[in-house]
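Undergrad: predicted model and sequence below, questions to follow.
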Protein chains: 2
Amino acid sequence: MPAPKYEPIYKEIRNEILSGVYAFGDYLPSENEYTQKYGCTRNTIRRAIGLLSAEGLLLPQHGRGVQVIYSPETGKSLFTVGGIESFSEAASRNSLRVKTRVVGFEEVTADEKLSRKTGFDPGKELFHVQRIRMFGNKPIIFDENWFLKSEMPGLNEKIAAASIYRYLENELGMTITTSKRRVSAEKAIPEDIRYLALHGLDFVLVVTGQVFNSRGVMFEFTQSRHVPDQVCFIESAIRQKIS
Amino acid sequence: MPAPKYEPIYKEIRNEILSGVYAFGDYLPSENEYTQKYGCTRNTIRRAIGLLSAEGLLLPQHGRGVQVIYSPETGKSLFTVGGIESFSEAASRNSLRVKTRVVGFEEVTADEKLSRKTGFDPGKELFHVQRIRMFGNKPIIFDENWFLKSEMPGLNEKIAAASIYRYLENELGMTITTSKRRVSAEKAIPEDIRYLALHGLDFVLVVTGQVFNSRGVMFEFTQSRHVPDQVCFIESAIRQKIS
DNA sequence: ATAGTAGACTTGTTTATACAAGTCAATAGT
DNA sequence: ACTATTGACTTGTATAAACAAGTCTACTAT
């Protein structure tokens, strides 16, 4: 399965935007110019531009052109909710030295209560993984995951300490397709206080999510509890016409 | 400017999903069946399905079909960050009686500090609007907006108490296209404590955002401070292939 | 001089077609 | 009985072409 044609185009333009080739407010070359440059049809170009617009980097303007609305200042948040990005990916994107500490690894069976919380059916066998994410020496995230055991029987503590997503994609050949996430703020629980560098704060930013694989099986439930003053999330949205 | 053909299709399918015609896990009719039903090409159908997938309602599966991954339980959050939804829209979507109280309305000029916060250039004339959003009798959101005066000279307190977006779109004919949002958790400020029903909590969930109009002009900076136990946000994401 | 328009751009929508590639069940061959 | 393969489905990608509609400049007629 070769990479689709729009992907390298998407990446190249994205790279140009992030690296500052175009400043905030600049207009990209027109779609027709891009078709010549990349030797493809307008549709393919529009696909790449559409992805970048959905990310909040571009703003196409009817009759005018496509404007860059990314600026390094507003764009520099540690994590992005808009895409599914693993911790180590976000870290490498920010070129930061990071460490992961596994503080809990056990097999559990979903009971009624856990089922309501995670969405896994009662009786399902799960891996329960608790990890601390550290930037430098600062523990920033308390990550709690439940994985469906049947989808990843070989998961162990060592893999959890490295990158579970890398294991899933490279070893198991699983492709992760979609995720639904919910963001909320919650009072700190004892684990937050024990593990995170809260500096006296008594609340955390919580991101929960269900992750589906390409077969439509929900195989992961995640809860990431973040130190609130260290991280924030950026997201873009396109308004739907009302009526 | 007539509505595009994919829009009513998008709306009808969306409606069917939200109203429970299809349950979580069900597969939609195939794209080819839809082309017959709606008398259009596959591209148009795919557009509608693509929008719904981006919203996290559908999960297309190569070779299989398109699965519904929306369920009323996980989907019932008051507000959605994935789309640009105004307060009154979200309220009507949840069929809730809501009230808006304007607690501040003034004209200001952006100084250096406000410029850093909002992204408006220093010297720009702005409307500064502070509003409390109430569900029933519960004050849930403290909304602070800065609007670019030059884009909406006629804004006044009365309009602010109703719906500013309705004013922009219906009266001024402005179409809102894109927004970038950031979510974080912050310690409650005196206004939060004064206005919101925090019930002893000392933190809020803060959503900030810049909103652009179709001419690429940033005309609004928003900061919504939410009672954390009352609201949460749902978001969907599609994983990009790594390298 | 000024208003209006024509035309050359831009992006937005839709059709039509072809092939690639994943899924799944029925069938054929052993 | 079991395996392999075929074929009919599904979604994914890409091309090509046409027209709609918004923007902006330059020219034209008054």
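TA: Yep, that arrived. Numbering: from 1, shown residues only, chains lettered A, B, ... in the order given.

Undergrad: for chain A, what spans make up the strands?
TA: A:58-61, A:65-68, A:79-80, A:98-109, A:125-135, A:138-148, A:176-187, A:203-213, A:218-226, A:233-238 (DSSP state E).

Undergrad: what mean pLDDT does the third one have?
TA: The predicted model gives strand A:79-80 an average pLDDT of 52.

Undergrad: what of stretch A:150-159?
TA: Rounded to a whole number, the mean pLDDT of stretch A:150-159 is 88.

Undergrad: pull out the buried positions in that stretch.
TA: For stretch A:150-159, the buried set under the neighbour-count rule, 16 or more other C-beta atoms under 10 Å in any protein chain shown, comprises A:Glu151, A:Met152, A:Leu155, A:Ile159. All C-beta spots, glycine's among them, are computed from the backbone N, C-alpha and C.

Undergrad: how about the contacts made by the second one?
TA: Going by C-beta atoms under 8 Å, 6 or more residues apart in numbering or on different chains, A:Met152 touches A:Phe127, A:Tyr167, A:Leu168, A:Leu172, A:Met174, A:Phe219.

Undergrad: so the first one sits right up against A:Glu144, yeah?
TA: Read that as A:Phe127. No. If you go by C-beta atoms under 8 Å, A:Phe127 and A:Glu144 don't touch, sitting 11.4 Å apart.

Undergrad: got the domain ranges for chain A?
TA: A:6-74, A:78-231 (automatic domain parsing).

Undergrad: in terms of mean pLDDT, which of the ones you listed ranks lowest?
TA: For the domains of chain A, mean pLDDT drops lowest on domain A:78-231, to a mean of 82.

Undergrad: how far off centre is it?
TA: Centroid separation between domain A:78-231 and its chain, computed with C-alpha atoms, centre = their mean, to the nearest Å, is 11 Å.

Undergrad: is DNA strand C contacted by that domain?
TA: Yes. Using C-beta under 7 Å from any atom of the strand, we find that domain A:78-231 touches DNA strand C at A:Ser214, A:Arg215.

Undergrad: which pair in the contacts of A:Met152 spans the largest distance?
TA: Largest separation among the contacts of A:Met152 by C-beta to C-beta: A:Phe127 and A:Met174, giving 14.7 Å.

Undergrad: of the strands of chain A, which is nearest B:Leu52?
TA: B:Leu52 sits nearest to strand A:176-187 of all the strands of chain A, at 11.6 Å, using C-beta to C-beta.

Undergrad: which positions in chain A make contact with DNA strand D?
TA: A:4-6, A:39-44, A:47, A:61-64.

Undergrad: which ChimeraX command selects the buried ones in those?
TA: Selection of the buried residues among the residues of chain A next to DNA strand D in ChimeraX, burial being defined by 16+ other C-beta under 10 Å:
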select /A:6,40,44,47,61
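
Undergrad: just put the residues of chain A next to DNA strand D in JSON lines and tack on distance to B:Asn213.
TA: Below are the residues of chain A next to DNA strand D laid out as JSON lines (distance: C-beta to C-beta, whole Å):
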{"residue": "A:Pro4", "distance to B:Asn213": "32"}
{"residue": "A:Lys5", "distance to B:Asn213": "33"}
{"residue": "A:Tyr6", "distance to B:Asn213": "28"}
{"residue": "A:Gly39", "distance to B:Asn213": "35"}
{"residue": "A:Cys40", "distance to B:Asn213": "31"}
{"residue": "A:Thr41", "distance to B:Asn213": "30"}
{"residue": "A:Arg42", "distance to B:Asn213": "25"}
{"residue": "A:Asn43", "distance to B:Asn213": "27"}
{"residue": "A:Thr44", "distance to B:Asn213": "28"}
{"residue": "A:Arg47", "distance to B:Asn213": "25"}
{"residue": "A:Gln61", "distance to B:Asn213": "10"}
{"residue": "A:His62", "distance to B:Asn213": "12"}
{"residue": "A:Gly63", "distance to B:Asn213": "14"}
{"residue": "A:Arg64", "distance to B:Asn213": "12"}
